[in-house]
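Q: Show me how the following folds:
(one chain, ligands or ions: 2)
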Amino acid sequence: MSADHTPPNDQAGPADGNPSRTETGTDTELIRFDSVTKRFGTHTVLDSLDMTVYSGKHVTLIGPSGSGKTTILRLLMTLLKPDEGTIKVGPHFLTHEEKAGKLVPAGEKHIREVRKNIGMVFQQFNLFPNMKVLRNITEAPVHVLGLDKDAAEERARELLDLVGLTEHLDKYPTQLSGGQQQRVAIARALAMRPQVLLLDEVTSALDPELVAGVLDVLRDIAHTTDITMLCVTHEMNFARDISDCVMMFDSGRVIEFGPPEQIFSEPEHERTREFLSAVL
Ligand SMILES: Nc1ncnc2c1ncn2[C@@H]1O[C@H](COP(=O)(O)OP(=O)(O)OP(=O)(O)O)[C@@H](O)[C@H]1O
Ligand SMILES: [Mg+2]
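A: Ligands and ions are numbered 1, 2, ... in the order given. This next block holds a predicted model:
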């Protein structure tokens, strides 16, 4: 099964069960994988994957360990290159550019421009250890986007308020708990005003009592902003709360997708049932 939600114009409306569409049919594709294959040696991790994420939607990837979820996010961050197929972000190819009507491998400049639309939060927070919280957040807007320092700081303060860390802006990462560091990492990703936020098991390295605070921040962002989210998580209640669409992966393919109530309550595939009974 392909997760390539058929383009809005080809279908009748939300009654068709496509969770990633609105009644107006004006949804725009933000991410599109076309026949993407990724291999490591002889191991095919993604097998001619088709996948579309519409702008403003929250899509959660679930599936067993090794099924290729992180690989998808790493391809979007251009930390990996596909062996075959194309990836589009908005109207632009991520790893290719069009020259004289032909698709050729993209240059660094093109890749950097397209990737500006994508923010990622990792399992390990990866904050800059030598910078205080505020500067962790302003660094990329100033140096990559060319924002002036005052504007970047104003935005950073707003984001620290959003993630509930205003009183910690003058601390170094090591002076914060894991949950607080992860909330800084979320603020830092948002500071670049990405169109899409990639979240890869962002609570799995946290002590259990810190998980809820981070998930609350993400719920808040999901419910109060129009940012598109592509999220890998084992937190099924969270996935149920925030997702417009849940995609079940196995062996590098989407075997089933749909709104969370369908996937969690009435999965069609035995593999999905097995997986959910192991994690729920
Ligand atoms: N750099 C690499 N070199 C070789 N193999 C790799 C590399 N990165 C990933 N793989 C392999 O690709 C497969 C998919 O990995 P990936 O990290 O995408 O899985 P995942 O679905 O995110 O799993 P998990 O739920 O455990 O995080 C795994 O079998 C993994 O061992
Ligand atoms: Mg992973």
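Q: what is the rounded mean pLDDT of stretch 159-172?
A: The average pLDDT for stretch 159-172 rounds to 96.
Q: Need the residues that contact it.
A: 129-134, 137, 156-157, 175-176, 180, 183-184, 186-187, 190-191, 213, 217, 220-221 (CB atoms under 8 Å, 6 or more residues apart in numbering). All C-beta atoms are positioned from the backbone trio N, CA, C, and that covers glycine.
Q: Return the set of buried residues in stretch 133-141.
A: V133, L134, R135, N136, I137, T138, E139, A140, P141 (16 or more other CB atoms under 10 Å).
Q: can you put these in a markdown table and add distance to P259, secondary structure and pLDDT?
A: Converted to a markdown table, the buried residues of stretch 133-141 look like this (distance: CB to CB, whole Å; DSSP: H, G, I helix; E, B strand; the rest coil; pLDDT from 0 to 100):
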| residue | distance to P259 | secondary structure | pLDDT |
| --- | --- | --- | --- |
| V133 | 37 | helix | 98 |
| L134 | 39 | helix | 98 |
| R135 | 41 | helix | 98 |
| N136 | 36 | helix | 98 |
| I137 | 34 | helix | 98 |
| T138 | 38 | helix | 98 |
| E139 | 38 | helix | 97 |
| A140 | 34 | helix | 95 |
| P141 | 35 | helix | 96 |
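Q: Going by distance to H269, which of those wins?
A: H269 lies nearest to A140 out of those, by CB to CB, at 40.5 Å.
Q: Please report how far the closest one lies from ligand 2.
A: 24 Å (CB to the ion, to the nearest Å).
Q: ditto for R74
A: 9 Å.
Q: Ok, L162 next?
A: Taken as CB to the ion, the span from L162 to ligand 2 is 26 Å.
Q: for L134, same thing?
A: From L134 to ligand 2 the distance is 30 Å (CB to the ion).
Q: Kindly report the same for R155.
A: 30 Å.
Q: Alpha carbons of the host helix or strand of that residue, as CSV, please.
A: Following DSSP states H and E, one finds R155 within helix 149-162. What follows is helix 149-162, C-alpha atoms only, in CSV (Å, rounded to 0.1, in the frame of the first residue of the first chain):
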residue,chain,number,x,y,z
LYS,A,149,20.3,40.1,17.2
ASP,A,150,17.5,42.1,18.9
ALA,A,151,14.8,40.6,16.7
ALA,A,152,16.3,37.1,17.3
GLU,A,153,16.3,37.6,21.0
GLU,A,154,12.7,38.9,21.1
ARG,A,155,11.6,35.8,19.1
ALA,A,156,13.7,33.5,21.4
ARG,A,157,12.0,35.0,24.5
GLU,A,158,8.6,34.4,23.0
LEU,A,159,9.5,30.8,22.3
LEU,A,160,10.9,30.3,25.7
ASP,A,161,7.6,31.5,27.1
LEU,A,162,5.8,29.0,24.8
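Q: Show residues contacting the helix or strand following it.
A: Once helix 149-162 ends, the next helix or strand along the chain (criterion: DSSP H and E) is helix 178-190. The contact list for helix 178-190 (CB under 8 Å, 6+ apart) reads 119-122, 125-127, 133, 136-137, 140, 156, 159-160, 162-165, 168, 173, 176, 197, 202-203, 205-207, 210-211, 213-214, 217-218, 221, 227.
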